[in-house]
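# Sharing a sequence plus its predicted fold:
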Amino acid sequence: MDKLKKRWGITSNLQAILILIVFAITGSASAWISRPFCDWVGIHKEDLGAVWFTLIRLLIILPVYQVLLVAIGTLFGQFRFFWNFEKKMLKRMGLGFLFKD
């Protein structure tokens, strides 16, 4: 736990636990939300095949995950951590131009 706290720049075990809970909830929620969205848009495994369906669904899950991460993190009182985490992740993906330093 100390390695995570040092890496994330936090001091409290409670904060580390809250952050891990947010990651768990966000991952599950984004996968859960993507299913009805795919149905609504008409993206089905039977039509596309397993490989294409999985790739498209992952592309759908990614932005949903990003939004949910900040939203759920805010509900758990960890907005600052997840906002900084989000900016860092988007910069690594080449979308750093979206944020002014």
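Alright, I've got the coordinates. Residues are numbered from 1 along each chain as shown.
# The most centrally placed residue in the chain and Arg57: what is the separation?
With distances taken as CA atoms, centre = their mean, the chain has Tyr65 as the residue nearest its mean C-alpha position (3.3 Å). Shown here: Tyr65 relative to Arg57, a distance of 12 Å by CB to CB, to the nearest Å. Quick note: C-beta positions are derived from backbone N, CA and C, even for glycine.
# next one: Trp40
From Trp40 to Arg57 the distance is 13 Å (CB to CB).
# Check which residues of stretch 13-24 are buried.
Within stretch 13-24, the residues that count as buried by 16 or more other CB atoms under 10 Å are Gln15, Ala16, Leu18, Ile19, Val22.
# typo on my end, stretch 24-41
In stretch 24-41, counting by 16+ other CB under 10 Å, buried: Ile25, Thr26, Ala29, Ser30, Ile33, Ser34, Cys38.
# Tell me the one among those nearest to Phe81.
Distance to Phe81, by CB to CB, is smallest for Thr26 among those, at 12.9 Å.
# any residues touching stretch 4-22, and which ones?
Residues outside stretch 4-22 that contact it (CB atoms under 8 Å, 6 or more residues apart in numbering) are Met1, Leu69, Ile72, Gly73, Phe76, Gly77, Gln78, Phe81, Phe82.
# okay, now the fifth one: neighbour count?
Neighbour count for Phe76, taken as other CB atoms under 10 Å: 16.
# Go ahead and measure how far the helix or strand where Lys5 lies is from the middle of the chain.
When elements are assigned from DSSP states H and E, Lys5 belongs to helix 2-8. Mean-position distance between helix 2-8 and its chain equals 20 Å (CA atoms, centre = their mean, to the nearest Å).
# What of stretch 70-84?
11 Å.
# how far does that stretch stretch from start to finish?
10 Å (CA to CA, to the nearest Å).
# Identify all contacting residues around that stretch.
Residues outside stretch 70-84 that contact it (CB under 8 Å, 6+ apart) are Trp8, Ile10, Gln15, Leu18, Ile19, Ile21, Val22, Ile25, Thr26, Ala29, Leu69, Glu86.
# element containing the nearest residue to Phe23 once chain neighbours are set aside?
Leaving aside its sequence neighbours, Phe23 sits nearest to Leu69 (CB to CB, 6 or more residues apart in numbering; 7.8 Å). Remark: Leu69 resides in helix 50-75, with elements defined by DSSP H and E.
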